[in-house]
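Starting from these lines, generate the structure:
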Amino acid sequence: MNSKLIAIAVLPLLFAACAGQPAKPLPTTKPAAVPAPPKLPDVTLSDELLFEFLFGEIAGQRGNLGIATEAYVDMAKRTRDPRIVQRALDIALFSGNVTASLEMAKLLTEVDPNSIKAKQTLSALLAHSGSIDEARPNIEKLLAQQTGENLDKGLLQLNNLFARQSDRQAVLSAIQSVTKPYLDHPEAHYAISIAAWRAGQMELAQEEADKAASMRPGWEMAALLKMQILEQADKNRVQPFLKDFLAQYPKSQEVRLNYAKFLVSEKKYAEAREEFDELKKTFPENREVAFAVGLLSLQLGDVDSAISDFKKLLDQGYQNTDLVRYYLGQSYELKKNPVEAEKWYNAVEKGNQYLAAKVRVAVLMKEQGNLAGARSYLHNIPTSNEAEKVFIIQAEAQMLHDSGNYREAYAVLDRGLAKFPDSPNLLYDQAMAAEKLGKIRETEKSLNKLIRIQPDFAQAYNALGYTLVEHTTRYKEALPLLEKALNLSPQDPYTLDSMGWLQFKMGNVPSSIDYLKRAYAGRRDPEIAAHLAEVLWVQGKHEDAKKLLQSSLKENPGNEVLIKSLKKFGH
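Take a look at the predicted model:
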């Protein structure tokens with residue numbers, strides 16, 4: 001598009017503005033909703049002003065936003081024409097020039113005091129820039145101009161204004177202040193609740209969320225907010241709260257969806273499927289809900305239902321057909337039907353699931369006794385980048401590991417690292433393979449390199465810390481590594497287990513019990529169970545230790561770690 005033609009086309013607007021006559025708004029600027037139009041100044045159109053206008057427009061059209069902003073800010077200051085000021089504000093905002101935006105927003109409130117848009121923009125800019133005290137009176141004026149639905153929307157947006165503020169307590173104080181005249185609106189209590197939650201004042205957050213809910217019974221937004229607060233403050237109260245809410249308001253679909261997702265996160269798959277089934281009845285055409293039901297059926301071992309759900313999705317034209325085909329392959333794997341599983345895996349076309357499906361075909365070959373054929377098949381899968389090549393190397397090493405060929409698995413990973421020496425995935429897998437072979441120095445070397453490459457990789461710190469605990473007496477070196485891992489991933493069961501085991505080795509039995517119980521609550525892993533049982537045994541709680549091991553063995557029949565622990569305790 002020709003920039004000069006655009007500039008010439010808007011010239012009449014400038015003439016009208018400078019003459020003080022009514023005119024259409026400048027291009028791309030929406031007129032503010034005001035009770036009365038602003039008073040326009042009487043400005044003479046000089047050659048200098050005309051040139052500056054053309055200069056600013058052409059610069060903007062050519063993408064030189066800095067120059068355009070500078071030109072329009074200068075014109076806005078000289079003319080004080082509300083439309084020129086608004087145009088300058090729009091360009092400054094678009095260019096990301098906060099200083100100019102703030103200056104133009106303040107000027108716009110002066111030349112057009114009734115402009116709601118000016119007050120909104122100024123309030124947002126002041127709040128974002130850290131001037132909470134300066135923003136507060138502007139927000140109060142803005143809210144005072146609103147009524148009905150607009151006021152409610154304004155109250156709900158308060159926390160967004162302060163989203164970038166780091167002083168959460170100051171934000172809470174500001175929101176409590178500006179909402180005082182509107183405490184008969186549930187939205188005001190909702191806004192205070194969010195601010196309190198973000199400030200870490202959980203009791204006040206719950207209290208305000210409850211007020212909002214009581215003022216508007218069945219309000220899903222308030223229920224979901226309280227759910228989030230409870231998840232952080234007292235997770236055990238989430239399920240009873242949501243269950244009770246849905247009993248009172250069974251048609252609250254958004255709450256039911258979040259309840260189902262919460263149940264999945266808590267690994268309560270049977271209950272989650274009930275909720276998704278309920279959603280499926282309400283929204284029979286919602287294929288995402290149907291897909292979730294299929295996945296939960298698969299997780300629960302109800303393979304036939306999963307297969308039925310997935311095939312229906314294909315018949316209905318589900319958009320991500322390859323994902324459904326992949327899960328059909330998994331379903332038939334669980335059904336011990338490798339022929340049908342391979343058929344569905346091979347039906348997966350190029351895309352996100354393609355490589356994973358091909359690897360599963362190789363795994364099926366290995367499970368049928370053809371390890372050499374499976375490895376050859378992997379080597380012939382076409383790859384186009386380093387990530388895909390690394391994925392194939394990992395898959396081959398995992399197959400060898402699962403077959404008991406630990407040395408060859410290590411060799412495959414070692415060869416992979418020769419090609420991709422800085423691959424975090426290969427470094428981690430090779431470290432674990434080295435540990436399995438007793439190559440502790442090699443494990444340390446790989447994990448230390450991994451930490452240098454990826455300093456926020458929690459698993460690397462955990463793996464190195466646990467290696468030192470399990471294979472050395474360098475407990476003082478292990479402690480900061482595990483503390484770092486917990487800092488990066490506070491609820492990770494395996495890291496909690498490692499720290500618990502370290503505390504036991506250091507003689508801190510009560511602390512050890514606490515970590516290990518939290519670890520086992522998060523993941524009922526047999527090795528965690530064995531660690532916890534040993535600490536219980538040392539405490540003299542022999543029956544508790546045996547019951548724990550026997551219970552875990554029922555869930556993991558034939559597990560060598562559990563069998564070894566039971567023999568150790570004379571059972």
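
Would you confirm that N556 contacts A530?
No: N556 lies out of contact with A530 (CB atoms under 8 Å); the separation is 10.5 Å. For glycine as for every other residue, the C-beta is placed from the backbone atoms N, C-alpha and C.

From K336, how far off is V303?
In this structure, V303 and K336 are separated by 10 Å, where distance is defined by CB to CB, to the nearest Å.

So between the two, which is more surrounded?
Each of V303 and K336 has its neighbours counted (other CB atoms under 10 Å); V303 has more, 18 against 9.

N556 and A530: which has the busier surroundings?
A530 (23 against 17).

where does the more buried one land on pLDDT?
Note on A530: pLDDT of 94.

for A545, same thing?
91.

Over to S214?
We note a pLDDT of 92 for S214 in this prediction.

One more: the one 5 residues further on?
Predicted confidence (pLDDT) for W219: 92.

Could you find the closest non-adjacent residue to it?
Ranked by CB to CB, 6 or more residues apart in numbering and with sequence neighbours excluded, the top spatial neighbour of W219 is A213, at 6.0 Å.

How about the contacts made by that neighbour?
A213 makes contact with 186, 219, 222-223, 226 under the criterion CB atoms under 8 Å, 6 or more residues apart in numbering.

can you tell me how far the closest residue in space to K449 that isn't next to it in sequence sits from E444?
With CB to CB, 6+ apart as the measure, L427 is the residue that lies nearest to K449, at 6.0 Å, once sequence neighbours are left out. Going from L427 to E444 by CB to CB gives 12 Å.

Could you check which of those two is surrounded by more residues?
For L427 versus E444, neighbours defined as other CB under 10 Å are more numerous around L427 (26 against 20).

Contact partners for that one?
Contacts for L427 were tallied using CB under 8 Å, 6+ apart; they are 417, 446-447, 449-450, 453.

Just the buried residues of these.
Neighbour counting by 16 or more other CB atoms under 10 Å classes 417, 446-447, 449-450 among the contacts of L427 as buried.

follow-up on the earlier one: what about the residue nearest to K449, helix or strand, and which?
Applying DSSP states H and E as the criterion places L427 in helix 424-436.

Tell me which other helices or strands the following helix or strand past that helix touches.
Helices and strands here follow DSSP H and E; after helix 424-436, the next one along the chain is helix 440-453. When contacts are defined as 3 or more CB pairs under 8 Å, 6 or more residues apart in numbering; DSSP states H and E, helix 440-453 sits against helix 424-436, helix 458-471.

M399 in helix, strand or coil?
Three-state secondary structure (criterion: DSSP: H, G, I helix; E, B strand; the rest coil) places M399 in helix.

In contact with the closest residue to it other than its chain neighbours, which residues?
Counting by CB to CB, 6+ apart, K366 is the residue found nearest to M399 once chain neighbours are left out, at 5.1 Å. Applying CB under 8 Å, 6+ apart, we find K366 in contact with 374, 399, 402-403.

What subset of those residues is buried?
When burial is judged by neighbour count using 16+ other CB under 10 Å, the buried members of those are 374, 399.

Now the contacts of K366 in CSV, please, with extra columns for secondary structure and distance to Y515.
Output for these, formatted as CSV (DSSP: H, G, I helix; E, B strand; the rest coil; distance: CB to CB, whole Å):
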residue, secondary structure, distance to Y515
A374, helix, 40
M399, helix, 34
D402, helix, 30
S403, coil, 34
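
Pick out the most distant pair among the contacts of K366.
The most widely separated members of the contacts of K366 are A374 and D402, with 10.9 Å between them, by CB to CB.

contacting residues around stretch 344-355?
Stretch 344-355 has contacts (CB under 8 Å, 6+ apart) with 322-323, 325-326, 328-329, 332, 357-358, 360-361, 364, 381, 383, 388, 391-392.

one more time with 10 Å, if that's ok
For stretch 344-355, the external contacting residues (CB atoms under 10 Å, 6 or more residues apart in numbering) are 307, 310, 314, 320-333, 338, 356-364, 381-384, 387-388, 391-392, 395.

Between the two ends of it, how far is it?
Across its full length, stretch 344-355 reaches 13 Å between end residues, using CA to CA, to the nearest Å.

Spit out the contact partners of K77.
Counting by CB under 10 Å, 6+ apart, K77 has contacts 84-85, 88, 103-104, 107.

and what of K312?
Applying CB under 10 Å, 6+ apart, the residues contacting K312 are 287, 290, 294, 318, 324.

What distance do you get for the second one to E103?
As defined by CB to CB, A290 lies at a distance of 54 Å from E103.

do the same with the fourth one
In this structure, Y318 and E103 are separated by 53 Å, where distance is defined by CB to CB.

and those two? which has more neighbours close in?
Of the pair Y318 and E103, E103 is the one with more neighbours under other CB under 10 Å, namely 19 against 16.

Let me see the ranges of the helices in the stretch 151-300 of the chain.
Per DSSP state H, counting those that start in this stretch, the stretch 151-300 of the chain carries helices over the ranges 158-161, 168-178, 186-198, 202-215, 220-233, 238-248, 253-265, 269-282, 287-299.

which one of those has the most crowded surroundings?
Of all those, helix 186-198 carries the top mean neighbour count, a mean of 25, counting by mean count of other CB atoms under 10 Å.

so that helix versus helix 220-233, what angle?
Orientation of helix 186-198 against helix 220-233 (axes from the mean of the first three to the mean of the last three CA atoms, to 10 degrees) gives an angle of 20 degrees.

Let me know the average pLDDT across helix 186-198.
Taken as a whole, helix 186-198 has an average pLDDT of 90.

so who does W197 touch?
With contact taken as CB under 10 Å, 6+ apart, W197 is in contact with 159, 168, 172, 204-206, 208-209, 225-226, 228-229, 232-233.

With distance to D492 and pLDDT added, can I get these in JSON lines?
Rendered in JSON lines, the data for these read as follows (distance: CB to CB, whole Å; pLDDT from 0 to 100):
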{"residue": "N159", "distance to D492": "30", "pLDDT": "75"}
{"residue": "R168", "distance to D492": "26", "pLDDT": "80"}
{"residue": "L172", "distance to D492": "31", "pLDDT": "88"}
{"residue": "L204", "distance to D492": "30", "pLDDT": "92"}
{"residue": "A205", "distance to D492": "26", "pLDDT": "91"}
{"residue": "Q206", "distance to D492": "27", "pLDDT": "91"}
{"residue": "E208", "distance to D492": "32", "pLDDT": "92"}
{"residue": "A209", "distance to D492": "29", "pLDDT": "92"}
{"residue": "L225", "distance to D492": "27", "pLDDT": "91"}
{"residue": "K226", "distance to D492": "27", "pLDDT": "91"}
{"residue": "Q228", "distance to D492": "21", "pLDDT": "90"}
{"residue": "I229", "distance to D492": "23", "pLDDT": "90"}
{"residue": "Q232", "distance to D492": "17", "pLDDT": "82"}
{"residue": "A233", "distance to D492": "21", "pLDDT": "80"}
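
Closest one of those residues to L143?
The shortest gap between L143 and any of the contacts of W197 belongs to N159, at 13.9 Å (CB to CB).

hang on, the earlier thing: what helix or strand is the residue nearest to M399 located in?
Per DSSP H and E: K366 is located in helix 354-367.

what comes up buried for that helix?
Buried residues in helix 354-367, counting neighbours by 16+ other CB under 10 Å, are found at 354-355, 357-366.
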